[in-house]
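Build the 3D model from these lines:
(one chain, ligands or ions: 1)
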Amino acid sequence: MFDNIRAEAADTVADLLNLDSSAPSQVRDFLESGNSVPDAFARLDANGDALVTFEEILDFDRDRSSPLGRFLVVVGTEMKLGAANENVSALPGVAPSSLHGDPGALFFSFDGLCSLTKQFVSQGGITLSLCAKLDAATAAASAGDLGAKQGALQAYENQISAQAGKTLTFRRAITLMTLAKTL
Ligand SMILES: [Ca+2]
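Predicted coordinates for the structure are as follows:
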């Protein structure tokens, strides 16, 4: 269930990023601000009670034809919300303190992208080679060598592009390449 939700979330994030060519760099600035999780949380917490309920998340975008709206439908289906006639609007909310780690790192980090790559690419040898390029980008970033970092990320994107339609779908290839642009 969570793998499916995560995959769908990644595709949704990529769809949103592809709406605006300046979005990847905006995401980077936002994440580097160090305040992304509290800020995102506050936006979802419509009634300001320091808890985010599923109802508040659903209310955030009621347009079910938008990228986010379509994703929320998938989450509801995957989690079988309402399937046992439970009252979804009465589900308890979540506080920021109960989040495990930084949710943004699931998609917007070298480790997160490697993990998604493993989930999306069907052949282990290709996955290893792709994650090795992300490791090289991480090392270059830590060393402050932005040229080497960009080179490693470009090599990652080139390999994803070459694998599209082979060991992963075109849709997923676009998602991974889009997320790589935020790093
Ligand atoms: Ca709330």
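
what distance separates stretch 93-107 from the centre of its chain?
Relative to the mean C-alpha coordinate of its chain, stretch 93-107 is positioned 13 Å out (C-alpha atoms, centre = their mean, to the nearest Å).

Just the CA trace of that stretch, in CSV.
What follows is stretch 93-107, C-alpha atoms only, in CSV (Å, rounded to 0.1, in the frame of the first residue of the first chain):
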residue,chain,number,x,y,z
GLY,A,93,-5.2,14.5,13.2
VAL,A,94,-1.4,14.2,13.1
ALA,A,95,1.0,16.6,14.9
PRO,A,96,4.3,17.6,13.3
SER,A,97,6.1,15.9,16.2
SER,A,98,4.8,12.6,15.1
LEU,A,99,6.3,12.8,11.6
HIS,A,100,9.2,10.4,11.1
GLY,A,101,12.1,12.4,9.7
ASP,A,102,11.6,14.9,6.9
PRO,A,103,8.9,13.9,4.5
GLY,A,104,10.4,16.0,1.8
ALA,A,105,13.5,13.9,1.9
LEU,A,106,11.4,11.0,0.5
PHE,A,107,11.5,12.8,-2.9
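
Any buried residues in that stretch, and which?
Neighbour counts over stretch 93-107 (16 or more other C-beta atoms under 10 Å) mark 93, 94, 104, 106, 107 as buried. Glycine gets a C-beta too; all of them are placed from N, C-alpha and C.

could these go into TSV alongside secondary structure?
Formatted as TSV, the buried residues of stretch 93-107 follow (DSSP: H, G, I helix; E, B strand; the rest coil):
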residue	secondary structure
93	coil
94	strand
104	helix
106	helix
107	coil
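
Would you check how far apart residue 95 and the ion are?
Counting by C-beta to the ion, to the nearest Å, the gap from residue 95 to the ion is 10 Å.

related to what we said a few turns ago, using JSON lines, please lay out the buried residues of stretch 93-107 together with pLDDT and distance to residue 165.
Formatted as JSON lines, the buried residues of stretch 93-107 follow (pLDDT from 0 to 100; distance: C-beta to C-beta, whole Å):
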{"residue": "93", "pLDDT": "81", "distance to residue 165": "42"}
{"residue": "94", "pLDDT": "81", "distance to residue 165": "39"}
{"residue": "104", "pLDDT": "74", "distance to residue 165": "29"}
{"residue": "106", "pLDDT": "77", "distance to residue 165": "26"}
{"residue": "107", "pLDDT": "82", "distance to residue 165": "23"}
